[in-house]
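A.B. asks: when you get a sec, could you give me coordinates for this:
(2 chains)
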Amino acid sequence: DAGVIQSPRHEVTEMGQEVTLRCKPISGHDYLFWYRQTMMRGLELLIYFNNNVPIDDSGMPEDRFSAKMPNASFSTLKIQPSEPRDSAVYFCASSISEGTVEAFFGQGTRLTVV
Amino acid sequence: QKEVEQNSGPLSVPEGAIASLNCTYSDRGSQSFFWYRQYSGKSPELIMFIYSNGDKEDGRFTAQLNKASQYVSLLIRDSQPSDSATYLCAVAANFGNEKLTFGTGTRLTIIP
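C.D. replies: This is a model prediction of the structure:
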């Protein structure tokens, strides 16, 4: 398996634009997580899904952020409108509920909002 | 007060010595504890997890948990230059990994 795949790897956008980050989890994994990492705040959980259903979105910073998981192999995190303070590395991770506690992370998307 | 606290470092340790990384957490009901390693520019990867008080050993790594003191640590024996990375402590309220709260990490440098 290729692991968790995120796209794009880097994104530079202007303030006010819409940004969409994409994630393909490992096949067979039933949990999907979106995290944001900054120097100041570290790694923060934004939202997670179980079997494509959002379970906890309490980490989503505000209404400008939304996430979807239309099927077991694809998820998006959208920011609209984007702001400079959204600049961070966004990680997607997936895990399986049986047999392991390990969450596997994708390579991340480095977002820069100018 | 942050929920999971780590000394940000950098922590410098000579090659071959023992590196000791520490983490405290505020939620006394926390049940599971994780150590992730993150190389610069890379994604985090799980290296240890622990549920019960005491020590858990895996190769050169030992995780130590003291729930009464709300303290978890990671010891790396015979430190190698390849151990140079940021180590993230994470805590969950239950026995899975559904909702992890991470510390900001400790940057470790092993000096050859």
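A.B. asks: so where's chain B uncertain?
C.D. replies: Along chain B, segments meeting pLDDT under 70 span B:1-2, B:96-97.
A.B. asks: which stretches of it form strands?
C.D. replies: Counting by DSSP state E, chain B has strands at residues B:4-6, B:11-14, B:19-25, B:32-38, B:45-50, B:54-58, B:61-66, B:71-76, B:85-92, B:100-102, B:106-111.
A.B. asks: cool, and chain A?
C.D. replies: A:5-7, A:10-13, A:19-24, A:31-38, A:42-50, A:53-56, A:65-71, A:74-79, A:88-95, A:104-105, A:109-113.
A.B. asks: now do the buried residues in the third one.
C.D. replies: Along strand A:19-24, the positions that meet the burial threshold by neighbour count (16 or more other Cβ atoms under 10 Å in any protein chain shown) are A:19, A:21-24. C-beta: built from backbone N, CA, C; applies to glycine.
A.B. asks: got the residues you listed as TSV, with distance to B:A90 columns?
C.D. replies: TSV is the format used below for the buried residues of strand A:19-24 (distance: Cβ to Cβ, whole Å):
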residue	distance to B:A90
A:V19	26
A:L21	22
A:R22	25
A:C23	20
A:K24	23
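A.B. asks: which of those lies closest to chain B?
C.D. replies: Distances from chain B to the buried residues of strand A:19-24, taken as Cβ to the nearest Cβ, are shortest for A:C23 (12.2 Å).
A.B. asks: contact partners for the closest one?
C.D. replies: A:4-6, A:32, A:34, A:74-77, A:92, A:106 (Cβ atoms under 8 Å, 6 or more residues apart in numbering or on different chains).
A.B. asks: from these, list just the buried residues.
C.D. replies: Buried among these (16+ other Cβ under 10 Å): A:4, A:6, A:32, A:34, A:75, A:77, A:92, A:106.
A.B. asks: among these, which are in reach of chain B?
C.D. replies: A:G106 (Cβ under 8 Å from any Cβ of the partner chain).
A.B. asks: out of the buried ones among the contacts of A:C23, which two are the most distant from each other?
C.D. replies: Spanning the widest gap among the buried ones among the contacts of A:C23 are A:V4 and A:L77, at 13.3 Å by Cβ to Cβ.
A.B. asks: low-confidence ranges, chain A, go.
C.D. replies: For chain A, the ranges with pLDDT under 70 are A:1, A:99-100.
A.B. asks: can you pull up the most central residue in it?
C.D. replies: In chain A, the C-alpha nearest the mean C-alpha coordinate belongs to A:W34, at 3.2 Å (Cα atoms, centre = their mean).
A.B. asks: excluding chain neighbours, what is closest to it?
C.D. replies: A:L46 (4.5 Å; Cβ to Cβ, 6 or more residues apart in numbering or on different chains).
A.B. asks: please report how far the one you found lies from A:T76.
C.D. replies: Noted for A:L46: a distance of 12 Å to A:T76, by Cβ to Cβ, to the nearest Å.
A.B. asks: so what's in contact with those two at the same time?
C.D. replies: Jointly contacting A:L46 and A:T76 under the rule Cβ under 8 Å, 6+ apart are A:A67.
A.B. asks: residues from chain B in reach of chain A?
C.D. replies: B:32, B:34, B:42-46, B:49, B:88, B:90, B:95-105.
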